[in-house]
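Chemist: Predicted structure and sequence below. I'll ask about it afterward.
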Amino acid sequence: MDVNKMTVSINKAINTQVVAVKEKHARTCILGTHHEKGAQTFWSVVNRLPLSSNAVLCWKFCHVFHKLLRDGHPNVLKDSLRYKSELSDMSRMWGHLSEGYGQLCSIYLKLLRTKMEYHTKNPRFPGNLHMSDRQLEEAGESDVNNFFQLTVEMFDYLECELNLFQTVFNSLDMSRSVSVTTAGQCRLAPLIQVILDCSHLYDYAVKLLFKLHSCLPADTLQGHRDRFLEQFTKLKDFFYRSSNLQYFKRLIQIPQLPENPPNFLRASALSEHVSPVVVIPAEASSPDSEPVLEKDDLMGMDASQQQNSFDSKFDDIFGSSSSSDPFNFNSQNGVNKDEKDQLIDQLFGETRELKAQLENMKTESQRAVLQLKGRTSELEAELAEQQHLRQQAADESEFLRAELDELKKKREDTEKAQRSLTEIERKAQANEQRYSKLKEKYNELVQNHADLLRKNAEVTKQVSVARQAQVDLEREKKELEDSFQRISDQTQRKTQEQTEVLENLKQELAISKQELQIVQGSLENSVQSEAKWTARITELERDRDSLMNAMACREEELSALRKQLEYTQLKLSSAQDSICQLEKDQHKMLLAEARRAAEQVVQEALRLFEEPTLSSCAGSADHLLSKVNSTSSCIEQLEKCWSQYLACPEDISGLLHSVTLLAHLTSDTIVHGSATCLRAPPESADSLIEACKQYGKETLTYLSFLEEERIFENADSTAMRSCLTRIMAISEDLLPRGLDIKQEELGDLVDKEMAATSAAIEAATARIEEMLSKSRAGDTGVKLEVNERILGSCTGLMQAIQILVLASKELQREIVESGRGTASPKEFYAKNSRWTEGLISAAKAVGWGATVLVDAADTVVQGRGKFEELMVCSREIAASTAQLVAASKVKADKNSPNLAQLLQASRAVNQATAEVVASTISGKSQIEDTDSMDFSSITLTQIKRQEMDSQVRVLELENELQKERQKLGELRKKHYELAGVAEGWEEGTEAPPSTLQEAKTEKE
């Protein structure tokens, strides 16, 4: 198909006329996409159309694009994905219009974006959504999770279709027959595509919900049922309302949904479901067309036939010539002269009537001849077009024959290449098998890693249990020692008591012996006394023997307790030795496993360098710098933890954490380095790739020293640090322009700018006081009063701004103190560089605004300036302070008292700005009142002349006002562009930093 013809059809289909898109133009566009196997021509033409300025043009573009997505070539979707962001921006732009086609275009563009995203996520679905049940089953891949997600996406798709339905019907006046007007048909025409999509989406949603209810509990799908019921009600109502419109009755046969929605809780209800079918009848011929004579039929009739035809018509009208002649007076013998005159008059009258009828017939015949000639010219044009089409078809057939010959040749080449393709497929299968094995090995490594983590937890638990057992043994040991000490003390005490008893007994025995001697001496004096003392001695001997036996038992028990204590101490020492050995072995095993896992993570990161999955990712240099700094800190932490482990082998948690953290940070550094290469120049990208690979290899070498303690003492991290230094240097070269300030200078620059702002405000306040004193000395009357009022309000504004700057300093100090942790304020500013640059920009704007305001006030007081300049300067400085407030509170705590004080100071600045504007307006009106106009001596003609001059001046001022507003808009746009360059925004970002955005909101 000719590209020019397709371009003409696109321009005819998408125009500014409020009529529906003609089907033949849309069909030509669809055939064009199939002919060129894509939509390049369509988008090249559409990009030149002013879609953002004409709503009707955008509406008809959406209609044609919807047709192409449904019936065009499958590559239309691929060629259109690059314009998805532009469609989103256009949708948001048209969404701001609440009348006309604005909302319609916004919702239609959202629907087209949703359709593109749906077909991108689900490539099995064709553009017209026509699928069989088997294809629908294959789309879900027999996975209930896929069916669940697919149902949600269908609900979102159908929701967008229903929103377009609702918006179109709400925009029409249904009390009139809008469907027969061109404006109504222009809005209703795209709904035919929506009806076709909705019928398929409803059918697939019902089938998927029945399948989900057969696999999942009913409570889980309650949300799906509620959402389906809502959409079922809306779709049924829309189908009913559409079927009653006259416009749809002759173009499409709309199905009717059942009275009640399907009952998904009853599986047999699926057999009762009837898929809605939309029927588009064939186009019938126009009812007002009438059969006409062809030109060839007229040319084929000769003159005699035409003459006979006219004669026959004349005879039918005037009668046959064979009839009796009324002018034959010879046959009328009985008729008198008067009757003949009457008859002649009658015949003359009939003749005149017949002549008039003949003239009418000639006129009608001429009109018919003209119509036939016009029809003939139309048929000749159609014949020429058909001949042209036939010639094109012949050319296309010759082209197709040539392509067929080429295809035959290519088929022979293909047969030759088939063997090599088979070999390639075999290699691909081998690669897939190897990939599957590698994937299984990777999953096994992940599982082993998880098992090791679980074992680590178990071993830690066992160690804690062993430590608890050791504590219990020590406690038992201490208790045994205490009990042994108590027993020893008790034994010693009893032995001492027994010794005392023995000594007492010995003393008593000596006394008894003495007494015995006395008794023996006095034996002869008392026999009874002798027997008594003998019994006493016998009893004391028995007591001595019992005490000796008790002392022997106590000694045996004491020896048994000493043996038990020695056995317990021996067992405790052996248990401690085994626990220490077990902990040492477990620590070595954990360290080895952590080292192997870390090596696998680093190797996986190095392998990802060759993976194509990173081609769609892009990183930033500042993010890579943060990763490099974290990695350097981790290396220092690892060396410190290793020294602690050598000093205290029991504590290994810090070393394991450092090894794992080093592996993951190394992996992140390598991956982000590879992603950053995508945005870097070729030379820098090659250097960065080489540095990242070298760093990965040095990390693997460093981790290999963890196998033995003696070898790791000789390990050196200098190579790793040199690689990191090289990566950091390359990353700093890749930083954007907004980050060219040294990080350590940001904190000093913030303090300098805030101090400069305070100094500028103080200088402005002093200068205003000086101007006020000069005005009081040189001016009098109304001018002095106006100057005092204006300068007084400016002084109040400067004082309010000074209070706001002090409150901003306090809030910034609070933010730095609460957010920096153990770092210094300069490090905090460097870490949050974007926020710091926003503060610097806001402080500069406030200082500049104060200087400009003082200059404007000086010119106004001297009578050389305009009052409007002073009002604009006051509003500009208020906007600058609003930017400073927004930049200050972006990181502040909502409940901070300093933030509340800052907001109160901001309100005071706004109030002071309003006072400046009010005093300026009042002073201007007061000065203008002194120059009152006097019309007492002006004549009528002069008044008329001045009135016309005033009208001309008003028109000139309105024109200048419009031009100045356009200029102001362009200046603001350029201001934001320059601010973006100064702040270092990247081109890919969608919006400026939050501080400028909030400042813009405060300005508005």
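Modeler: Cool, the structure landed.

Chemist: Tell me the spacing between residue 719 and residue 697.
Modeler: Here the distance between residue 719 and residue 697 works out to 9 Å (CB to CB, to the nearest Å). To be clear about C-beta, it is placed using only N, CA and C from the backbone, and glycine gets the same treatment.

Chemist: no, scratch that, I was asking about residue 552
Modeler: Taking CB to CB, one finds residue 552 at 80 Å from residue 697.

Chemist: Mind checking which of the two has more residues around it?
Modeler: Under the neighbour definition other CB atoms under 10 Å, residue 552 and residue 697 were set side by side, and residue 697 has more, 14 against 9.

Chemist: pLDDT wise, what is that one at?
Modeler: pLDDT for residue 697: 83.

Chemist: secondary structure element for it?
Modeler: According to DSSP states H and E, residue 697 maps onto helix 682-704.

Chemist: same check, this time on residue 771
Modeler: Using DSSP H and E, residue 771 falls within helix 743-778.

Chemist: Give me the mean pLDDT for that helix.
Modeler: Helix 743-778 shows an average pLDDT of 73 in the prediction.

Chemist: packing partners for whichever helix or strand comes after that helix?
Modeler: The helix or strand immediately downstream of helix 743-778 is helix 781-819, counting by DSSP H and E. Judged by 3 or more CB pairs under 8 Å, 6 or more residues apart in numbering; DSSP states H and E, the packing partners of helix 781-819 are helix 743-778, helix 825-831, helix 833-861, helix 867-889, helix 897-930.

Chemist: Going by mean pLDDT, which of those comes out lowest?
Modeler: In terms of average pLDDT, helix 825-831 trails the rest of the helices and strands packed on helix 781-819, at a mean of 67.

Chemist: Helix or strand for residue 353, just tell me which one.
Modeler: Residue-wise, residue 353 maps onto helix 337-521 under DSSP H and E.

Chemist: continuing past that helix, what's the next helix or strand?
Modeler: Next element after helix 337-521 (DSSP H and E): helix 527-607.

Chemist: relative to helix 337-521, how tilted is that following helix?
Modeler: Orientation of helix 527-607 against helix 337-521 (axes from the mean of the first three to the mean of the last three CA atoms, to 10 degrees) gives an angle of 150 degrees.

Chemist: Return the angle between stretch directions for helix 527-607 and helix 682-704.
Modeler: Calculated by the same axes, to 10 degrees, helix 527-607 forms an angle of 150 degrees with helix 682-704.

Chemist: Show me what helix 527-607 packs onto, helices and strands only.
Modeler: Where contact means 3+ CB pairs under 8 Å, 6+ apart, helix 527-607 is packed against helix 337-521, helix 653-677, helix 682-704.

Chemist: Could you look over the ones you listed and pick the most buried one?
Modeler: Here the criterion is mean neighbour count by mean count of other CB atoms under 10 Å, and of these the winner is helix 653-677, at a mean of 21.

Chemist: So what angle separates the directions of that one and helix 682-704?
Modeler: With the same axes, to 10 degrees applied, the angle from helix 653-677 to helix 682-704 works out at 160 degrees.

Chemist: avg pLDDT for helix 653-677?
Modeler: For helix 653-677, the mean pLDDT works out to 79.

Chemist: follow-up on the earlier one: residues contacting the helix holding residue 697, please?
Modeler: 595, 598-599, 602-603, 605-606, 609, 659, 662-663, 666, 669-670, 673-674, 676-678, 680, 715, 717, 719-720, 723-724, 726-727, 730-731, 733-734 (CB atoms under 8 Å, 6 or more residues apart in numbering).

Chemist: repeat that for 7 Å
Modeler: Here helix 682-704 makes contact (CB atoms under 7 Å, 6 or more residues apart in numbering) with 595, 598-599, 602, 605-606, 609, 666, 670, 673-674, 676-677, 680, 715, 717, 719-720, 723-724, 726-727, 730, 733-734.

Chemist: can you pull the buried residues of the host helix or strand of residue 147?
Modeler: Assigned by DSSP H and E, residue 147 falls within helix 144-170. Buried residues in helix 144-170, defined by neighbour count with 16 or more other CB atoms under 10 Å: 147-148, 150-151, 154-155, 157-165, 168-169.

Chemist: Now do it: distance to the chain's middle.
Modeler: Chain-centre distance of helix 144-170: 19 Å, with CA atoms, centre = their mean, to the nearest Å.

Chemist: any idea which helix or strand comes after it?
Modeler: helix 182-188.

Chemist: counting contacts, what elements does that next one pack onto?
Modeler: Helices and strands touching helix 182-188, by 3 or more CB pairs under 7 Å, 6 or more residues apart in numbering; DSSP states H and E: there are none.

Chemist: avg pLDDT for it?
Modeler: Helix 182-188 shows a mean pLDDT of 88.

Chemist: Give me the contacts around the next helix or strand after it.
Modeler: Toward the C-terminal end, the helix or strand that comes next after helix 182-188 (DSSP H and E) is helix 191-215. For helix 191-215, contacts defined as CB under 7 Å, 6+ apart pick out 66-67, 70, 129-130, 136, 144, 147-148, 150-151, 154-155, 157-158, 161, 164-165, 168, 221, 224, 228, 235, 242, 251-252, 254-255, 262, 264-265, 267, 270, 273, 275-276, 278.

Chemist: tell me the angle helix 191-215 makes with helix 144-170.
Modeler: Using the same axes, to 10 degrees: helix 191-215 against helix 144-170 is 150 degrees.

Chemist: Give me the residues contacting the helix or strand following helix 191-215.
Modeler: Using DSSP H and E, the next helix or strand after helix 191-215 towards the C-terminus is helix 222-243. Applying CB under 7 Å, 6+ apart, the external contacts of helix 222-243 come out as 151, 155, 158-159, 162, 165, 169, 191, 195, 198, 202, 205, 209, 248, 254-257, 261, 264.

Chemist: likewise stretch 841-856?
Modeler: Contacts with stretch 841-856, where a contact means CB under 7 Å, 6+ apart, come from 753-754, 756-757, 760-761, 764, 767-768, 794, 798, 801, 805, 865, 869-870, 873-874, 876-877, 880-881, 883-884, 887, 983, 995.

Chemist: Now for the residue nearest to residue 22 when sequence neighbours are not counted, how many residues are close by?
Modeler: Once flanking residues are discounted, residue 22 sits nearest to residue 13: 6.7 Å by CB to CB, 6 or more residues apart in numbering. For residue 13, the tally of surrounding residues (other CB under 10 Å) stands at 21.

Chemist: repeat for residue 4
Modeler: 9.

Chemist: average pLDDT across the host helix or strand of it?
Modeler: In the assignment (DSSP H and E), residue 4 maps to helix 3-13. Averaged over helix 3-13, pLDDT sits at 86.

Chemist: If I take that helix and helix 337-521, what angle do their directions form?
Modeler: Between helix 3-13 and helix 337-521, the angle formed by their directions is 90 degrees, by the same axes, to 10 degrees.

Chemist: now what about the helix or strand following helix 3-13, what contacts it?
Modeler: Remark: after helix 3-13, the chain's next helix or strand is helix 23-36, criterion DSSP H and E. Helix 23-36 has contacts (CB under 7 Å, 6+ apart) with 1, 6, 9-10, 12-13, 39, 41-42, 64, 67-68, 71-73, 76.

Chemist: Output stretch 660-670 in PDB, but only the C-alpha positions, please.
Modeler: What follows is stretch 660-670 as a C-alpha-only set of coordinates in PDB (Å, rounded to 0.1, in the frame of the first residue of the first chain):
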ATOM      1  CA  THR A 660      28.500 -11.700  55.300                       C
ATOM      2  CA  LEU A 661      28.100  -7.900  55.200                       C
ATOM      3  CA  LEU A 662      31.400  -7.600  53.200                       C
ATOM      4  CA  ALA A 663      30.100 -10.200  50.700                       C
ATOM      5  CA  HIS A 664      26.800  -8.500  50.100                       C
ATOM      6  CA  LEU A 665      28.300  -5.000  50.000                       C
ATOM      7  CA  THR A 666      30.900  -6.200  47.500                       C
ATOM      8  CA  SER A 667      28.100  -7.700  45.400                       C
ATOM      9  CA  ASP A 668      26.100  -4.500  45.500                       C
ATOM     10  CA  THR A 669      29.100  -2.400  44.600                       C
ATOM     11  CA  ILE A 670      29.900  -4.700  41.600                       C
END
